[in-house]
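> Predicted structure and sequence below. I'll ask about it afterward.
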Amino acid sequence: MNANTSPPDAELLIATGCAHCPVVLQGLVDLIKEGKIGRLQVTNIVEHPEVAREKGVRSVPWLQLGPFTLQGLHSPAELREWAEQAGSVEGMSRYLAEKLKEGQLEAMENFLAEHPQWLPALIPLLEDEDTDIKIRIGVDALLEGLADKADLTPLVPELARLAESERQSLRSDAVHYLALTRSPEARAPIEARLQDESGEVREFAREALEELDAALAEHA
């Protein structure tokens, strides 16, 4: 699913003497020529250190490619892949997974709070049985943190679908996350799990319903 079908723009910060900067720059120039990138802005932070200060950049190459912030050396093939995925939920899921695995929880929480249109990218990470445990814990922490920072209501339909999964653990997680949305729309899919075949899921559903009711009463 694509959120944006037009080629992404790119901003690259480099520095004189940087060994990896020419590789990334050339890769981006090639993507410009191919129409994979719409526009490229390049700044040498030796000449303009204020740009690095504004963005909090401490090392180069630093690249903003569409919604993705990438640091360090990336091969032409990697740059092409990120450029092609810049408008897709699948690409954002991959990006979030990599950043969570690197321990950048706070940065990703702030990113999603500022760009809530990318919240659906969390769903594939929850649903995929092969998601790394560190990433899964990160997604859990993200949703807990975002409950106070973003409107999670758009996630209700997909979370409701996960609440009907054949996997017991996923049903349990889904009802908990439904409660975090603090949306009246979450009540029905949570209530449906009160009749779940699993006692564990039923208990999660009862707790989720209590949490949802308390949140709704608080904001009534």
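That came through fine. Just so it is clear, the structure is predicted and the values come from calculations on it, not from any experiment.

> list the buried ones in the longest helix along the chain?
Across the chain, the longest stretch assigned as helix under DSSP state H is helix 199-218. With burial defined by 16 or more other CB atoms under 10 Å, the residues of helix 199-218 counted as buried are 201-202, 204-205, 208-209, 211-212, 215. C-beta here means a position set from N, CA and C on the backbone, and glycine is covered the same way.

> what separates the most centrally placed residue in the chain from Ser172, distance-wise?
By CA atoms, centre = their mean, the chain has its centre lying nearest to Leu96, at 4.1 Å. Distance, Leu96 to Ser172, by CB to CB, to the nearest Å: 22 Å.

> got it, and Arg58?
Relative to Ser172, and taking CB to CB, Arg58 is found at 41 Å.

> higher neighbour count, these two?
More crowded of Arg58 and Ser172, by other CB atoms under 10 Å: Ser172, with 23 against 10.

> Once you drop chain neighbours, what's closest to the more buried one?
Phe204 (4.4 Å; CB to CB, 6 or more residues apart in numbering).

> Extract the residue ranges of the protein that are flagged as low pLDDT.
The model of the chain has pLDDT under 70 over residues 1-5, 220.

> Can you show me the strands along it?
10-14, 40-44, 62-65, 68-71 (DSSP state E).

> which residues are in contact with the third one?
Taking contacts as CB atoms under 8 Å, 6 or more residues apart in numbering, the residues outside strand 62-65 that touch it are 8, 10-13, 24, 28, 37, 52, 55, 69-71, 74, 79, 82-83, 86.

> possible to save the strands of the chain as CSV with distance to Asp148?
Listed next are the strands of the chain as CSV, based on distance: least, CB to CB, whole Å:
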stretch, distance to Asp148
strand 10-14, 31
strand 40-44, 35
strand 62-65, 27
strand 68-71, 24
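
> what about these, which gets the closest to Leu126?
strand 68-71 (20.9 Å; CB to CB).

> Show me which residues of that closest one are buried.
For strand 68-71, using 16+ other CB under 10 Å, the buried residues are 68-70.

> ok, now how distant is Pro67 from Glu109?
Pro67 sits 15 Å away from Glu109 when distances are taken as CB to CB.

> and what of Glu47?
Applying CB to CB to Glu47 and Glu109 gives a distance of 34 Å.

> again with Glu211
20 Å.

> check contacts around the residue nearest to Ser172.
Applying CB under 8 Å, 6+ apart, one finds that Phe204 lies in contact with 171-172, 175-176, 193.

> nearest to Leu125, of the residues you listed?
His176 (15.3 Å).

> Could you report the neighbour count for the residue nearest to Leu209 when sequence neighbours are not counted?
The shortest distance from Leu209 to any non-neighbouring residue, by CB to CB, 6+ apart, is to Ile190 (5.2 Å). With neighbours defined by other CB under 10 Å, the count for Ile190 comes to 26.

> Done for today, thanks.
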